[in-house]
Each structure stands twice: as structure tokens, then as C-alpha cells.
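> the sequence isn't on hand, but the structure is:
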């Protein structure tokens, strides 16, 4: 936690830090709101709808329009939630809040918080490559940048997604030749849409686990260009999967749910597949290095593009990334948050 | 090189023996024969001599990437493999791999007397030419074994498939002393098995563990019992006036054990004896640790020869008067073996004694006294058994004694390697000494994947300090540590060194206050001193 009377170099008008790291989450004392709190609060500004960033129990939520239906689906239809567009400004007790595309998943945003001449940006999760379906990441100039660093080591470098999708297509094709079902695992919010958007015509039918099916239906109803899926139920005859693509959540790995697809080949889509050990641990037949987080160079370019004079690093390889920035002339400090600890997030490599 | 990189990827991703076998067969069916012979060499313990070391690779990688060395270290501890870390960190090259596997291996070997600059130039050229997965296997050729679950047996079966040769014959053909630069796969597989290479050992016959009481084996009269010795399994060969000593890992180790030198003179021509290489004084085996000090080095010191002399405890006779007698029954081979050992009459060659017993209860009694003999249990061999190839069920059994155990608390954790990269899986354990904790062993294995994840999660939330890759953790998690033996050691703070320590189970039921003490360890040492 930061000192309460910390005075920012460029801030002559306030004695307290504009955003503070508290045991409930990132807090703005002047505006009296939290960003992605991990405990119930009065006012919560939400970067995106993954369960470690959008938790239940708060009185009021503010998020991007596209996150509203997902938040309702996940936290309950009766929550009090207000949607805003990217770039739209909201004022709270003199503090200006606006949301800017983070390119992580549908509806994901960075939160810009400004008071007088002081600007902070909390990144939430982001990736710098445009995935085609989430609004593309935009760097937001600020003095203080709070950045995630899930993949904050130089061993993590992504290839352009087109290369990865070509590899996936090739793999599905080979499976079809061998009479196998192709089973891809990816998160139900984010990876699943990205895969479906780019691979919509890959097999005669695409079958999906209930969790992915429900999210997909809801997004289709809200006008997203996603293919129609077939929902897998206990009654689904096993014969329908042959030569088709199946999409399931990562939690389906090593469960009896997989048995119905025999014979099948299992592919896992995750940034963690960059390292052989992770891949072998998953017992997957194929690993595709596809992440909704920025890679090492993405993180560095994002930090530089903000022009920030101070950087706080959170979840991931936060201490290494902070030290590297520090040694390269950008004052940086690691802060502890509770992001990246739930299964939905990509942060748990096990 | 691409075909080899693809093969390695397939082999390391698959957990199914049949898939691996299939991948190997396909590779041998289509690869350049010059590459095939090298692949065979690599996976049968014939890794070429190292001409470039890991430190050089790391240094050149740092120069190319301009990364600080602490960040390189951080990456290494996350990836858990140096070759892979470097492959991932290097800037993108041309990825135009034109040269095959054997070009790179022979190039590496040719660097033996090259200058530092020439070596660097060769490595940087390779990195420039190869893509990430090829760079990984290239680096791996330099830094160490692939650890992808490919056994010698699997190589033999794959080649047996593609060349239509029975596996035991093939196994014999590919054993012995050969250099992939000088021999082709074809000539290796077309050779007359009994002739050509005098050094060739027979494939070892290995026993399965006996998990039940021995009465399921039938009548005790049909079985021969011996002590199970804790040394290195080996073969001593005398052919064409030369002496060869092989380890079970099919390594030629004649030079390492000058004690066996005089046997050349005494052994009859055309003799192959199977047995155990053991350090031994006053008619009693020394702890395995003393043998370990001998394995690592080529030149043995006078002190070592005095303190830890080796003998060969003979189990079996495989070749006699130049004839392969492996198909004769054990009872007959044993009679001949006893004659040979008696005839040689040299202290370096001894018989592994046969235990006389008339019923299973008597044998159970013998087994309970294994540690007093300096052995780790019993071997049971059917008297009419032939000497088979590889690990086979039925005729030979090893019946080990239960391990010693001690309850200890985890105090340090470190990230693992390979499948366990970026997970805290390597732990150091301590026992109590008054109100202090004294570390006494490390253990790496024994937990399930689920337990490993649980401990990993706990370590991340309960570390106190970070020393490089090592984290000190709150002394809270209690584990039962099992081990095969205990010896005094002045290298360890606790004064003891354990043999084969591993985690037996996680004692979630036990608070750290109730773990064993240093006194308990000292008592075990006193009771089981070898």
C-alpha cells in the first residue's frame, strides 16, 4: 500500500494519491469508487467481465456497453449496472472517468481517471494485437499507468494470430483425414469468441460445451457476428462429433466429459503453450500459442506509448517487469492485487 | 533438422508408447540414413562429447539479446530448461534450415580443439539459420538429454519394426562401441552378431518388483535367492585378449575401475559375467555414495582407491568358452559361474552368495535382515530360467525391503524442470533440533499433479524470502520422507546423507510441532550404519 500523503510530482492540488491500492481493490478516494474491486463496494468500475475482475455483491457497476449483458449473465440479471461507450466521460465528485479499448475480450476497457491535470490509467487486462472482434487496444497518454504483466518475461513472444489460425486449420484438417474429432479448449469469454469468429467455416458443424454455448447465444442475440453453435448435452449422440470441431472450457481437460469425443485430438489455446513444460503438463496433443494478453514486446510498447512517468505492475511477472522498466529509466513498482487467481483467467498455468 | 525437431516435438507431446513408437518408425523409415544413425546414438546413451558448454551458450545469448543477466536467470527458472530458454529469447533468425542433423552434430564435434571465437561463430550461424523449435533441439544437443520418455527399448522396437529384425537380436547389434561418424545404420544392422565387435555386451535382463508375499511363486525349491546389492549393474567381458566393463546404462567404464585391470590376465578367453559393481571393504559393501564419488571422474585418486575400492559381485555367466549360454537354465550357468570365479581367484571378482532357504517363512526372515548385510532386499530367480532381454515378468523378481521414513517440514521451495517448469516442485525438508529446524534432505518426487498444484499455490502465498530461485517458506507443511539408506556425511548440516529420498505422502494430519527430530535421524543412522 502506498503512503496516504504521497505527493505526486506533477500534482500540486491534492495531497492524496488519485488512485490507491487498498485491500478491497484499486480505490479513488476523491471520486469514491473502486476499479475491479475483489470485495463488495458501493461503486465499482469494471474493466471487463472475467470473474477475477468483475465480482458480485457490489451496489453499482459501471462498464462498457458491450460488457453489460455479459456482466448480467455472470453476476445476475438484477445487478445495477450502467453502460458507457469508449471515450464517453463520466464525472464523479470532480473526477473524470472514461473507458478506452483494451483489446482483451469483448467489452474490455482501460479505465482513465483524471483530476485537474493528473491522469491515471488502469489497464485491466489487454493485448496489443487486434483480434478482429474485440475493439482494438488504444494507448492512452497518462502520467501513471497501472499495467497487468501476465506474460511479463521476454520468453513470451506471440506470432501474428493469422499464423496461429493457419496452424489450427491445418491441425483440424489433419484430424479430419485421420477420422478424429478436433477438441479445442479456450476460455468461454474471450478465446472462444476469437476462435469462433476466425474459424466459423472450419467444419460442417461446431459443437460446444454449455458454458461456451450460452455466452455465444447471448452475444449473437446482441448482434455479434458469431457462428451458430450446437450445444452438447448428455443426450447428444456420440456419432455427431466426427470430423467436427468441438470447443470446451479449459476446466474440461482431464474430465470424463472428454470421453464422448473418442477418437479425438486435443488442442489447447493459451499463451502458456509457449513453454514446453506447460504444454506437456496439459497432456494436450497440440498446443497453440494464442493469448488475449500482451506479450513481452506488447507490454513494453504499451507502457512506452502511454508516456507514463510512473508505472505500477500487477498480476503476472510483476516484480521482473517492474525491475526491467526501472533499469530502463521508467520508475516502476510492483503492487499486489487479487487479479489472475480464478480459473477463468489465463493466469493460472496449471 | 526440421524432421528431427518435429520428431522431438511429437515424442515430447505424446504420453502414449504406441504413438512414440509410431513416430520413431516413421522417422527411421524416411530420414537420411546419416541422420538416423545419429538419432540412434543420441537415444542409446551415445551422446557426443560436449565441445561447447552451457555457460558459453548463455553468454552468447545475452550478447545477442542485450538482456540483463538477472532477467535471463528469471526466464530460466520459469522455463526450467536452458536450451529452451535460449531458443525462446533469441531474436528471430532466418529460419531457412538447409543443413541436416548430422551436419550440426559433426560440426559440433569438430569444435573440440577450436578457439572460443570459432565456437561462437559456429553457434551463432546455427541460431541464425534455425527456427525456434530447431534452435531448441540444437541447443539441447549441446546441453543435455532430451528427457522425452524414449527408452532404449523403444528405439530397439522402432528399428526392429522398420528393419524386420527380432528385437533381442537388434538389441545386441546396436550395443557395444561404435561411432556414428564412422558407421552406417545399414552396416550396424547387417553385421554378424557374434563376431565383429569384441566389446559388445549382452542386453541386461532386469527383474520386476515383487509386490506380494513370495508364496504366490509356488514351490521354494524352484527358486534361487540372493541379496539385492545397491551398486551399479555391470558386465565384465573378456574377448580377443581384451577386457571390457560395461554399466547397465551401456556405458563403457573399463577405465574408471582400475581394480578390474588384473582380471584380464586371470579370466579365461570368451567370458561374459553379469554382476554388480560395488565399493567394498572388509567383506562388506560401502554406501552407494562412495561409489558415486567414483563414477563422476575418469582419473581415480590413490585416496579413493584406498577408501572406496570396488569389487565385482558376480550374478550370472552369459558367455563361456566363447559360447553364448544365455538359453541354458540358471542352475547350470551358476555352476559354471562358480567354477570361473574360483579359477580366477582374485579379490576383485567375487560371487554374489546364494541364500539357502527351505520355506518362504525362512526367506521372509532373511529379508528382514537385509540392511545388516548392506543390501536393499532380495532377488528371486527361477532356477530353470534363461537369461532374457530387458525387463520381463515371471522368472526374476526383486523383493526390496520397505523404505525408512521420517516426518519432516518443508522449509525451502524451488521451481522444477521439464513438465514441472514454473511450478514449485523441488523442496528442502528439515527436522527439529530443540527449537531449531535443521535441513537434511531435498526431495523432488512423490506427489500427485493435483498435490503439486496445491503446494505450488501454497508456496506462492506463504514465502518469506527469495534467494535467487529459492524461496523460504513458513515451516508448516509436513511430509513423510521415504529413503533407502542413511549414511554419515560431513557435507550436510544435519550430518547425514540419504539414499533415494522421496516424498511418501503429505501428512496433512500432522502439525509441524510433531515432526521427527535430529535425534531420530541419528538413531536411524546408528541402527542402519553400513
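Arrived safely, thanks for sending. Computed from a predicted structure; not experimentally measured. Numbering: from 1, shown residues only, chains lettered A, B, ... in the order given.
> OK, contacts around the nearest residue to residue B:27 once chain neighbours are set aside?
With Cβ to Cβ, 6 or more residues apart in numbering or on different chains as the criterion, residue B:27 has its nearest non-adjacent residue at 4.8 Å, and that residue is residue B:7. Where C-beta positions appear, they are placed from N, C-alpha and C, glycine not excepted. The contact partners of residue B:7, taken as Cβ atoms under 8 Å, 6 or more residues apart in numbering or on different chains, are B:23, B:24, B:27, B:39.
> number of residues surrounding the residue of the stretch 301-450 of chain B found nearest chain A?
Closest contact between the stretch 301-450 of chain B and chain A, by Cβ to the nearest Cβ, is at residue B:421 (3.1 Å). Using other Cβ atoms under 10 Å in any protein chain shown, residue B:421 has 25 neighbouring residues.
> for it, phi and psi?
phi -70, psi 150 (degrees, to the nearest 10).
> for the closest residue to chain B within the stretch 51-200 of chain A, which non-adjacent residue is closest in space?
The stretch 51-200 of chain A approaches chain B most closely through residue A:155 (4.1 Å), counting by Cβ to the nearest Cβ. Leaving aside its chain neighbours, residue A:155 sits nearest to residue B:88 (4.1 Å; criterion: Cβ to Cβ, 6+ apart).
> surely the one you found forms part of a helix?
Yes. Assigned with DSSP: H, G, I helix; E, B strand; the rest coil, residue B:88 falls within a helix.
> do you know how far it is from residue B:132?
Computed with Cβ to Cβ, to the nearest Å, the distance linking residue B:88 and residue B:132 is 7 Å.
> list the contacts for the residue nearest to residue A:59 when sequence neighbours are not counted?
For residue A:59, ignoring the flanking residues on the chain, the nearest one in space by Cβ to Cβ, 6+ apart is residue A:42 at 5.0 Å. By Cβ under 8 Å, 6+ apart, the contact list for residue A:42 reads A:32, A:33, A:58, A:59, A:60.
> wait, which of those is closest to residue A:305?
Nearest to residue A:305 among those, counting by Cβ to Cβ, is residue A:33 at 25.8 Å.
> the nearest residue to that closest one once chain neighbours are set aside pairs with what?
Among residues not flanking residue A:33 along the chain, residue A:43 sits closest, at 4.0 Å (Cβ to Cβ, 6+ apart). Beta-bridge partners recorded for residue A:43 (DSSP bridges): residue A:60.
> for residue A:43, give me its contacts.
Neighbouring residues of residue A:43 by Cβ under 8 Å, 6+ apart: A:32, A:33, A:34, A:58, A:59, A:60, A:62, A:92.
> which of those are buried?
Among these, those classed as buried by 16 or more other Cβ atoms under 10 Å in any protein chain shown are A:33, A:34, A:58, A:62, A:92.
> nearest residue to the third one other than its sequence neighbours?
The spatial neighbour of residue A:58 that comes closest, neighbours along the chain excluded (Cβ to Cβ, 6+ apart), is residue A:44 at 4.2 Å.
> can you check the last one too?
Of all residues not flanking residue A:92 in the chain, residue A:31 sits nearest, at 4.0 Å (Cβ to Cβ, 6+ apart).
> just say helix, strand or coil for that neighbour.
Residue A:31 ends up coil, using three-state DSSP.
> for it, what are phi and psi?
phi -80, psi -10.
> could you count how many residues lie near it?
21.
> for the residue in the stretch 201-350 of chain A that chain B sits nearest to, which non-adjacent residue is spatially closest?
Per Cβ to the nearest Cβ, the residue of the stretch 201-350 of chain A with the smallest distance to chain B is residue A:277, at 3.1 Å. Closest residue to residue A:277 apart from its sequence neighbours, by Cβ to Cβ, 6+ apart: residue B:421 at 3.1 Å.
> how close does the one you found get to residue B:176?
Taken as Cβ to Cβ, the span from residue B:421 to residue B:176 is 36 Å.
> and residue A:185, by the same measure?
47 Å.
> higher neighbour count, the two?
residue A:185 (23 against 19).
> now do the same contact list for that one.
Counted by Cβ under 8 Å, 6+ apart, residue A:185 has contacts A:247, A:248, A:249, A:250, A:252, A:253, A:266, A:267, A:268, A:269, A:284.
> which of those are close to chain B?
With Cβ under 8 Å from any Cβ of the partner chain as the criterion, these include residue A:284 near chain B.
> export the contacts of residue A:185 as JSON lines, with columns for pLDDT and neighbour count.
Below are the contacts of residue A:185 laid out as JSON lines (pLDDT from 0 to 100; neighbours: other Cβ atoms under 10 Å in any protein chain shown):
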{"residue": "A:247", "pLDDT": "96", "neighbour count": "27"}
{"residue": "A:248", "pLDDT": "94", "neighbour count": "25"}
{"residue": "A:249", "pLDDT": "92", "neighbour count": "21"}
{"residue": "A:250", "pLDDT": "89", "neighbour count": "18"}
{"residue": "A:252", "pLDDT": "88", "neighbour count": "18"}
{"residue": "A:253", "pLDDT": "84", "neighbour count": "16"}
{"residue": "A:266", "pLDDT": "93", "neighbour count": "23"}
{"residue": "A:267", "pLDDT": "94", "neighbour count": "24"}
{"residue": "A:268", "pLDDT": "93", "neighbour count": "23"}
{"residue": "A:269", "pLDDT": "94", "neighbour count": "26"}
{"residue": "A:284", "pLDDT": "85", "neighbour count": "22"}
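> need the contacts of residue A:185 in JSON lines with secondary structure, can you?
JSON lines is the format used below for the contacts of residue A:185 (three-state DSSP):
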{"residue": "A:247", "secondary structure": "strand"}
{"residue": "A:248", "secondary structure": "strand"}
{"residue": "A:249", "secondary structure": "coil"}
{"residue": "A:250", "secondary structure": "helix"}
{"residue": "A:252", "secondary structure": "helix"}
{"residue": "A:253", "secondary structure": "coil"}
{"residue": "A:266", "secondary structure": "strand"}
{"residue": "A:267", "secondary structure": "strand"}
{"residue": "A:268", "secondary structure": "strand"}
{"residue": "A:269", "secondary structure": "strand"}
{"residue": "A:284", "secondary structure": "coil"}
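> so what's the one residue in the stretch 51-200 of chain B that gets nearest to chain A up against?
Residue nearest to chain A within the stretch 51-200 of chain B (Cβ to the nearest Cβ): residue B:88, separated by 4.1 Å. Contact analysis of residue B:88 by Cβ under 8 Å, 6+ apart lists A:154, A:155, A:157, A:274, A:275, B:75, B:79, B:132.
> outline the domain layout of chain A.
A:20-155+A:293-334, A:161-288 (automatic domain parsing).
> which of the ones you listed is buried the deepest?
Mean neighbour count, computed with mean count of other Cβ atoms under 10 Å in any protein chain shown, is highest for domain A:20-155+A:293-334 among those, reaching a mean of 20.
> picking that back up, was I right about the residue nearest to residue A:277 contacting residue A:278?
Yes. Residue B:421 sits in contact with residue A:278 when judged by Cβ atoms under 8 Å, with a separation of 6.8 Å.
> for the residue at the greatest distance from the centre of chain B, grab phi and psi.
Ranking residues of chain B by C-alpha distance from their mean position (Cα atoms, centre = their mean) puts residue B:435 at the top, at 38.8 Å. Residue B:435 has phi and psi values of phi -100, psi 10 when expressed as degrees, to the nearest 10.
> quick one: pLDDT of it?
Here, the pLDDT recorded for residue B:435 equals 90.
> which residues are in contact with residue 276?
In the absence of a named chain, chain A is used. Counting by Cβ under 8 Å, 6+ apart, residue A:276 makes contact with B:12, B:81, B:84, B:136, B:418, B:421.
> should've been chain B
Contacts of residue B:276 (Cβ under 8 Å, 6+ apart): B:229, B:231, B:232, B:233, B:234, B:312, B:313, B:315, B:352.
> try residue B:341
Contact analysis of residue B:341 by Cβ under 8 Å, 6+ apart lists B:314, B:349, B:350, B:351.
> state whether it is indeed within a helix.
Yes. Secondary structure of residue B:341 (three-state DSSP): part of a helix.
> from residue B:267, how far off is it?
In terms of Cβ to Cβ, residue B:341 sits 10 Å off from residue B:267.
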